[in-house]
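In: build me a model from this:
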Amino acid sequence: MNLHTQAALMRERLYLRSPQTIQAARHFTRDTLHAWGVRDRHDDMLLCVSELATNALRHGVPRGRGYLLRLIGTDSTVRIEVHDSGPGLSRIAGRPPGRGLTIVGALSDGWGVLPRSPGKVVWCEVVHR
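Out: Below you'll find the predicted structure:
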């Protein structure tokens, strides 16, 4: 299925709390981008996935839980969301971003944090051709 023939597509996968999931999340993203026919900015998106998943593991996923990686694609944008059940927005709101979110901010065309119960969703969007 080619992304350019669809209004919006979505894929998601749940990962357990483990550092080994970062590589699995990158592979899932790479395979999804390929399936959707996204032709550019793969490296930017893969690094954003790595940083968002790493932040979730380090700061947002309580022991015994996991995180959800959701990819939403349109003709021109891929939105990357990482959902966790850890402490809410208080760990991010009102603070300058750390190294990982600074990288996400530099590579993406926008990023932010949304509340969820429990936890939060940290997202970024990358515009592509």
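In: ok but R39 is inside a strand, no?
Out: No: the assignment for R39, made by DSSP: H, G, I helix; E, B strand; the rest coil, is coil rather than a strand.
In: where exactly do the helices run in the protein?
Out: 21-36, 42-55, 99-107 (DSSP state H).
In: so of those, which one's packed in deepest?
Out: Of all those, helix 42-55 carries the top mean neighbour count, a mean of 21, counting by mean count of other C-beta atoms under 10 Å. (Glycine included, C-beta is placed from N, CA and C.)
In: ok, residues contacting it?
Out: Contacting residues not belonging to helix 42-55 are listed as 15, 21-22, 25-26, 29-30, 33, 38, 67, 69, 78, 80, 82, 98, 100-101, 103-104, 107-108, 122-124, 126 [C-beta atoms under 8 Å, 6 or more residues apart in numbering].
In: let's have the helices of the chain in a markdown table, adding mean pLDDT.
Out: A markdown table is the format used below for the helices of the chain (pLDDT from 0 to 100):
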| stretch | mean pLDDT |
| --- | --- |
| helix 21-36 | 97 |
| helix 42-55 | 97 |
| helix 99-107 | 93 |
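In: any chance of those in JSON lines, plus distance to S117?
Out: Output for the helices of the chain, formatted as JSON lines (distance: least, C-beta to C-beta, whole Å):
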{"stretch": "helix 21-36", "distance to S117": "23"}
{"stretch": "helix 42-55", "distance to S117": "19"}
{"stretch": "helix 99-107", "distance to S117": "22"}
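In: out of these, which is closest to A8?
Out: helix 21-36 (10.6 Å; C-beta to C-beta).
In: who does the closest one touch, helix- and strand-wise?
Out: In terms of contacts (3 or more C-beta pairs under 8 Å, 6 or more residues apart in numbering; DSSP states H and E), helix 21-36 is packed against strand 9-16, helix 42-55, strand 66-73, strand 77-84.
In: nearest to G112, out of those?
Out: Among those, strand 77-84 sits nearest to G112 (C-beta to C-beta), with 10.2 Å.
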